[in-house]
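Enquirer: Task: produce atomic coordinates for the following.
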Amino acid sequence: MMRLDADVIGKRLRELRGDRSQQEVADAIGVSKMAVSKYETGLSIPGDDMKIALADYYGQTVEQLFFTQ
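Expert: Numbers count the residues shown, from 1 in each chain. Presented below is the predicted three-dimensional model:
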C-alpha cells in the first residue's frame, strides 16, 4: 500500500535540492520560500499541482517523490 509520509517527503526534497537555495526552488515552481521550507521540514505536504511541479523540477515521477510503500 502506498502512503504519504511528510517526514520522508521532506527528507527527499532536501536531498534533491542539494546546493540550490530554497528561494531558487520556490521561484522555479511558483511558491514562496516558506512553502518550500514547510515541505522540506514535513510541516506541510504539497497539493497535487505542487507535487507535479516539484516532480518535474527534480526529474522524478510523483510516485517516486511522494509515495512510500
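
Enquirer: C-alpha only now, for contacts and for neighbours.
Expert: Fine.

Enquirer: Grab the nearest non-local neighbour of the residue most central in space within the chain.
Expert: Central residue of the chain (CA atoms, centre = their mean): Leu13, 4.6 Å from the mean position. Leaving aside its sequence neighbours, Leu13 sits nearest to Glu40 (CA to CA, 6 or more residues apart in numbering; 5.8 Å).

Enquirer: do you know how far the closest residue to Thr41 other than its chain neighbours is from Phe67?
Expert: What sits nearest to Thr41 in space, not counting adjacent residues and going by CA to CA, 6+ apart, is Gly10, at 5.3 Å. To Phe67, Gly10 is 12 Å away according to CA to CA, to the nearest Å.

Enquirer: Point out the other helices and strands that the worst-scoring helix or strand of the chain on mean pLDDT packs with.
Expert: Lowest by mean pLDDT, DSSP states H and E among the helices and strands of the chain is helix 62-66, with a mean of 90. Helices and strands touching helix 62-66, by 3 or more CA pairs under 8 Å, 6 or more residues apart in numbering; DSSP states H and E, are helix 6-17, helix 48-58.

Enquirer: Tell me which of those lies nearest to Ile29.
Expert: helix 48-58 (5.8 Å; CA to CA).

Enquirer: rewinding a little: with neighbour numbers in mind, choose between Gly10 and Phe67.
Expert: Gly10 (23 against 16; other CA atoms under 10 Å).
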